[in-house]
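Chemist: mind looking at a prediction? Sequence and model below.
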Amino acid sequence: MSKENVEADDSCCASCGVAEIDDIKLTECSDCDLVRYCTDACQKGHKSQHQQECKKRAAELREELLFKQPESTHRGDCPICCLPLSLDRTKSIMTSCCCKVICKGCDYANYLREEEAKLGHSCPFCRKPVPSTDKQCDKQILKRIAANDPVAMLRKGIEQHRKGDYGSAFEYYVKAAKLGDAEAQYELALLYQYGTGVEKDEVKQINYLEEAAIGGHPNARYNLGRNEWNIGNTERALKHFFIAAKLGDNDSTKVLMDAFRDGLVSKDDLASALRAHQAAVDATKSLQRDITP
């Protein structure tokens with residue numbers, strides 16, 4: 001079997017040509033979806049022949065992933081009412097005991113329940129007593145960090161950042177980012193952008209912005225759009241702004257309206273983005289949240 005036929009047939013190892021039968025299992029190239037190998041040794045031996053095509057395909061896959069519209073923002077849903085959390089952080093809380101981000105509506109409903117039944121204050125989610133001191137709170141956060149909770153790591157990182165301990169903040173952000181936390185990835189991008197506790201690094205800044213944007217972070221997406229706009233990549237910039245606007249980002253809708261006035265965005269595309277933006281915002285509303293003081 002020729003090299004060309006081996007690479008074209010993903011039922012065979014791209015290096016040695018062995019077929020996937022019985023106990024022989026093939027695995028995809030770790031960077032692209034073009035070829036498969038029977039062993040790590042085959043993949044390593046085939047690297048020089050496949051490298052150029054692999055890099056090209058990997059870049060295409062990255063581009064597809066980067067500009068795919070996320071189903072929701074990085075904030076996700078309230079674990080109690082299951083409605084999307086607002087991008088406005090003042091409309092939600094994070095519990096100290098189980099590190100769940102809960103909308104203020106559900107938190108207020110829990111408060112009313114406790115008042116009516118004359119109960120002690122407990123977590124709206126896990127029902128455990130809320131830590132009453134900073135020391136107890138910190139102990140709970142550290143327990144959640146030990147359990148590999150990225151939300152707890154992010155919280156601790158932000159706490160250390162505010163204290164000016166940027167080295168410690170960086171370590172917590174990195175740990176959370178590796179677990180896929182988009183907010184931690186965004187915070188790392190800001191550190192590299194401004195050189196806070198680390199050397200300025202535009203490549204790492206953009207990489208973390210892209211990871212956060214893929215995870216549904218509208219601010220990261222907006223920043224990517226601004227970066228592309230500033231270097232003259234208008235088409236790519238507008239793609240970012242459209243995606244962020246449809247996630248409920250207000251700044252991106254303003255940019256798109258300006259772009260429409262400048263003739264860079266069509267009326268239909270703008271209208272579609274504005275409808276999606278309003279739908280995203282409306283999805284975070286409820287009667288329970290509206291009556292919350």
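Modeler: Received it, and whenever you're ready, just let me know what you need.
Chemist: burial count for Leu119?
Modeler: 11 (other CB atoms under 10 Å). Bear in mind the C-beta positions are built from the backbone N, C-alpha and C, glycine included.
Chemist: pLDDT value on it, please?
Modeler: Note on Leu119: pLDDT of 93.
Chemist: now it: how far from Cys97?
Modeler: Relative to Cys97, Leu119 is positioned 16 Å away (CB to CB, to the nearest Å).
Chemist: repeat for Pro84
Modeler: Taken as CB to CB, the span from Pro84 to Cys97 is 23 Å.
Chemist: what sits closest to Ala152 if chain neighbours are left out?
Modeler: Spatial nearest neighbour of Ala152, chain neighbours left out: Arg144 (3.5 Å); criterion: CB to CB, 6 or more residues apart in numbering.
Chemist: just checking, that neighbour touches Cys99?
Modeler: Yes: counting by CB atoms under 8 Å, Cys99 is a contact partner of Arg144 at 4.7 Å.
Chemist: what do those two both touch?
Modeler: Taking CB atoms under 8 Å, 6 or more residues apart in numbering as the contact rule, Arg144 and Cys99 both touch Val151, Ala152.
Chemist: need the contact list for the most centrally placed residue in the chain.
Modeler: Among the residues of the chain, the one closest to the centroid is Gly215, at 2.4 Å (CA atoms, centre = their mean). When contacts are counted by CB under 8 Å, 6+ apart, Gly215 touches Pro70, His74, Gly180, Asp181, Ala182, Gln185.
Chemist: now the helices for this structure?
Modeler: Along the chain, the stretches classed as helices by DSSP state H are 3-8, 40-66, 104-117, 134-146, 150-163, 166-178, 182-194, 202-214, 218-230, 234-246, 250-261, 267-282, 287-290.
Chemist: so for the first one, mean pLDDT?
Modeler: In this case it means helix 3-8. Average pLDDT, helix 3-8: 44.
Chemist: go on, the fourth one?
Modeler: The average pLDDT for helix 134-146 rounds to 94.
Chemist: which residues of the protein score low on pLDDT?
Modeler: The chain contains residues with pLDDT under 70 at 1-9.
Chemist: show me it divided up by domain.
Modeler: As recorded under automatic domain parsing, the domains making up the chain are 1-41, 74-129.
Chemist: could you dump those to JSON lines with distance to Gly225?
Modeler: Below are the domains of the chain laid out as JSON lines (distance: least, CB to CB, whole Å):
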{"stretch": "domain 1-41", "distance to Gly225": "27"}
{"stretch": "domain 74-129", "distance to Gly225": "16"}
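Chemist: tell me which of the ones you listed sits most buried.
Modeler: Across the domains of the chain, averaging neighbours per residue (mean count of other CB atoms under 10 Å) puts domain 74-129 on top, at a mean of 16.
Chemist: end to end, how far does that one reach?
Modeler: 28 Å (CA to CA, to the nearest Å).
Chemist: likewise for stretch 118-134?
Modeler: 25 Å.
Chemist: tell me the spacing between Phe260 and His277.
Modeler: As for Phe260, its distance to His277 is 14 Å (criterion: CB to CB).
Chemist: of the two, who's got more company?
Modeler: His277 (21 against 17).
Chemist: please report the distance of the more buried one from His217.
Modeler: His277 sits 16 Å away from His217, going by CB to CB.
Chemist: kindly report the same for Lys44.
Modeler: According to CB to CB, Lys44 stands 36 Å off from His217.
Chemist: and those two? which has more neighbours close in?
Modeler: Taking neighbours as other CB under 10 Å, Lys44 and His217 compare with His217 leading, 28 against 11.
Chemist: that one reaches Thr73, doesn't it?
Modeler: Yes: assessed by CB under 8 Å, His217 is found in contact with Thr73 at 7.2 Å.
Chemist: look up the closest residue to Arg289, ignoring the ones flanking it.
Modeler: Gly105 (3.5 Å).
Chemist: quick one: that neighbour and Pro293 touch, right?
Modeler: No: counting by CB under 8 Å, Gly105 does not reach Pro293; the two are 10.8 Å apart.
Chemist: got a list of contacts for stretch 280-289?
Modeler: 73, 81, 83-87, 91, 103-106, 108-109, 246-248.
Chemist: and Thr39, what is it in contact with?
Modeler: Neighbouring residues of Thr39 by CB under 8 Å, 6+ apart: Cys13.
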